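**Q** Build the 3D model from these lines:
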Amino acid sequence: MVEISSLDDQRLAAYRFLPQRSGRLSPGDCTIVESEMVVRRLLQYPWSSGYIESALLESNAAERLAPRLMAHGVMSDRIFVAPKSLVEQIVGYPLHRGVFVAMRVPPQPALQSLPLPAVMTVGVSSATNIGSIARSAAAFGFRTLICDAQSASPWLRRCLRVSMGAMFQLVLYHAHEPTEQLFEQLRRCGARLVGAEVSAPHLYSSFEWSERDIIVFGSEGSGLDAAFLQRLDAAVRIPMNSSVESLNVAAAAAIIFARFAERRGIFAE
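**A** I've put the predicted structure just below:
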């Protein structure tokens, strides 16, 4: 391991000023996996050994995690150890614990190979919401998360952290193509596109769900408008008190996912 004593150490460039990082991440770009729990979950997946580049660890955490990282193929001279106060200066915000891993974004699978059922976001720009949706999707048996070109990248640091590592068990696809074109390609693969919107005609609880479904959620501000819903194969709503206009997209997703899993018999009592 390498003891770090200077804020100016050039080997730490990947970890500097993390809250300022945003935008689209493409295969080969660097992202950051944050927190001991999320890093431990990453290390459960053999595929990750080819993509982890380095680690920045607070001194106490290094004792626990460095052996696991080295067993996973991370060279000891790529494990950087520093006092918590210095780690905070490097990353740019206060920490509860200091555990960071830099990794490259893996290649994206072909659209035709995406396993179903799946979840799709359209214009969901909040990394927190993408991470929350991914966590619920994994919990209720979905296999794929598709983000359209206007949605936040699922590989952003905040997405990975909020998902609590659940993102790693999903197949991820961040689209470049226009959303309408994406819909048609997915239909040709045998998918049924089901939107979630407060004005939809079908109750989510009585809808006949299919293992070929892709559940589509709209943006935090405008959801899926009437014209957009017409491009889908079906749409469902969650009944709620009329005094509340809508639910947060991540909360709505969790409710629908739980019913989907129940109706499809994914989990036995």
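
**Q** Distance check, Gln112 against Cys189.
**A** 6 Å (C-beta to C-beta, to the nearest Å). For glycine as for every other residue, the C-beta is placed from the backbone atoms N, C-alpha and C.

**Q** who's more crowded, those two?
**A** Cys189 (14 against 10; other C-beta atoms under 10 Å).

**Q** can you pull out the helices in this protein?
**A** 36-42, 59-71, 84-91, 127-139, 157-162, 179-188, 226-229, 249-263 (DSSP state H).

**Q** Tabulate the ones you listed (a markdown table), appending mean neighbour count.
**A** Listed next are the helices of the chain as a markdown table, based on neighbours: other C-beta atoms under 10 Å:
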| stretch | mean neighbour count |
| --- | --- |
| helix 36-42 | 19 |
| helix 59-71 | 16 |
| helix 84-91 | 18 |
| helix 127-139 | 23 |
| helix 157-162 | 23 |
| helix 179-188 | 15 |
| helix 226-229 | 14 |
| helix 249-263 | 19 |
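
**Q** Name all residues that make contact with Ala234.
**A** Applying C-beta atoms under 8 Å, 6 or more residues apart in numbering to Ala234 gives the contacts 192-195, 202, 207.

**Q** what about 7 Å?
**A** Neighbouring residues of Ala234 by C-beta atoms under 7 Å, 6 or more residues apart in numbering: 192, 194, 202.

**Q** Among the residues you listed, which one has the most neighbours?
**A** Busiest of the contacts of Ala234 [other C-beta under 10 Å] is Val194, holding 24 neighbours.

**Q** Spatially nearest residue to that one, not counting backbone neighbours?
**A** Closest residue in space to Val194, ignoring its immediate chain neighbours: Ala234 at 4.8 Å, by C-beta to C-beta, 6 or more residues apart in numbering.

**Q** Check Arg187 too.
**A** Nearest to Arg187 is Leu193, by C-beta to C-beta, 6+ apart, at 7.0 Å.

**Q** same question, Gly28
**A** Per C-beta to C-beta, 6+ apart, closest to Gly28 is Arg104, 5.7 Å.

**Q** Can you give me the end-to-end span of stretch 67-80?
**A** End-to-end distance of stretch 67-80 (C-alpha to C-alpha, to the nearest Å): 13 Å.

**Q** next one: stretch 208-226
**A** 22 Å.

**Q** again, but for stretch 215-229
**A** Termini of stretch 215-229 sit 12 Å apart (C-alpha to C-alpha).

**Q** Residues in contact with that stretch: which ones?
**A** Residues contacting stretch 215-229 (C-beta under 7 Å, 6+ apart): 119-126, 129, 193-197, 200, 232, 235, 246, 249, 253, 256.

**Q** Now, of these, which are buried?
**A** Buried members of the contacts of stretch 215-229, scored by 16 or more other C-beta atoms under 10 Å, are 119-124, 126, 129, 193-197, 200, 232, 235, 249, 253, 256.

**Q** about what we covered before: name the nearest of the contacts of Ala234 relative to Ser76.
**A** For the contacts of Ala234, the closest approach to Ser76 (C-beta to C-beta) belongs to Val194, at 49.3 Å.

**Q** Make sure the closest one is actually in contact with Asp213.
**A** Yes - Val194 is in contact with Asp213 according to C-beta atoms under 7 Å; the separation is 5.3 Å.

**Q** Run a quick neighbour tally on Leu114.
**A** 19.

**Q** Show me the domain layout of the chain.
**A** 12-104, 111-263 (automatic domain parsing).

**Q** I'd like those domains as JSON lines, with distance to Val2 appended.
**A** Below are the domains of the chain laid out as JSON lines (distance: least, C-beta to C-beta, whole Å):
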{"stretch": "domain 12-104", "distance to Val2": "5"}
{"stretch": "domain 111-263", "distance to Val2": "22"}
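
**Q** what about the strands in the stretch 101-250 of the chain?
**A** Residue ranges of the strands in the stretch 101-250 of the chain, as given by DSSP state E, counting those that start in this stretch, are 118-121, 144-147, 171-174, 192-196, 202-203, 213-217, 234-237.

**Q** Next one, pLDDT for the nearest residue to Leu186 once chain neighbours are set aside please.
**A** Nearest residue to Leu186 in three dimensions, chain neighbours excluded: Ile214, at 6.2 Å (C-beta to C-beta, 6+ apart). Ile214 is assigned 98 on the pLDDT scale.
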